[in-house]
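>>> What shape does this take:
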Amino acid sequence: MKKKNKGFLLATAATGAAAFAPGAMAADLPAKAPAPVVVPAASWAGWYIGAHAGVAWHQAHTADIYTGIIGSSATGTGFIGGGQIGYNWQRGNFVFGIEADGSWLNAKAENTNTVPDGTYGTEHNIRWMSTVRSRFGLAVGDTMAYVTGGVAFGGVKNRELFGSAGEISQSKTRVGWTVGGGIEHMWSRNFTIALEGLFVDLGRSNVVQPGGLGFNKTTRFHNQAVIGRLKANYKW
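Next comes the predicted model:
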């Protein structure tokens, strides 16, 4: 009787050990790593409107074509401020858009020298500027980096001073181009802030004045600007 009980106990123990073994082996296996969590980009699609302010660096060149002289350069730094409106389309993390803005500037560039005979040199002023640009951005979460470029318009006044002999001046709207980029952050669902830099070239323009003996005097002006500005937008 004792031998039968002993055999029964041994068989029961062996069966329990076999049942426990798979669980023990599974416990020794390394845990499967969780799948990476992909953070979807915030929605940038739709209309937005806002304001901007910053600094404009104005550089201008003057060349007296009729004398064969290369000419002179003048620089100036001042404030820029205005507003913008735009629309974005979004496909995944890629954002495409178009933006138009208008700005007022006081970045006057001049290179003058005043003597008893009067003032000699050049003065240049971009009084206002507007751009229409396309934008292409890559959004990661609630932040987007983008590049931008398009057409630029500006109200420009140029003067070349010859002391008591007078001056050559020109005031007109110039058309050129602009390119740049920036970083924009979605502060909330409806508000964004951005830091943007632009290079603007308003092209060359000539002023022709009749000279003596039928010889025309031609002066060429060239205006450029580098802009850094902070933007705030409301989107809906």
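
>>> Pull up the pairing partners for the helix or strand containing residue 74, direction included.
Using DSSP states H and E, residue 74 sits in strand 69-91. Using DSSP bridges, strand 69-91 pairs in its sheet with strand 46-64 (antiparallel), strand 94-105 (antiparallel).

>>> could these be laid out in TSV, adding distance to residue 219?
No exception for glycine: its C-beta is placed from N, CA and C like everyone else's. TSV is the format used below for the strands paired with strand 69-91 (distance: least, C-beta to C-beta, whole Å):
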stretch	distance to residue 219
strand 46-64	6
strand 94-105	23
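
>>> and residue 60, how many residues sit next to it?
Around residue 60 there are 26 other residues, counting by other C-beta atoms under 10 Å.

>>> Isn't it up against residue 122?
Yes: the criterion here is C-beta atoms under 8 Å, and residue 60 meets it with residue 122 at 7.0 Å.

>>> how about the nearest residue to residue 109, chain neighbours excluded?
residue 76 (3.7 Å; C-beta to C-beta, 6 or more residues apart in numbering).

>>> got it, and residue 98?
Closest residue in space to residue 98, ignoring its immediate chain neighbours: residue 134 at 5.5 Å, by C-beta to C-beta, 6+ apart.

>>> So residue 188: helix, strand or coil?
coil (DSSP: H, G, I helix; E, B strand; the rest coil).

>>> how close does it get to residue 115?
With distances taken as C-beta to C-beta, to the nearest Å, residue 188 is found 59 Å from residue 115.

>>> Contacts only, for residue 164.
Residues in contact with residue 164 (C-beta atoms under 8 Å, 6 or more residues apart in numbering) are 117-118.

>>> ok, 10 Å please
Shown in contact with residue 164 (C-beta atoms under 10 Å, 6 or more residues apart in numbering): 115-120.

>>> Just confirm it is within a helix.
Yes: under three-state DSSP, residue 164 sits within a helix.

>>> begin at 44 from here
Right, with 44 as the first residue, what we last looked at is residue 207.
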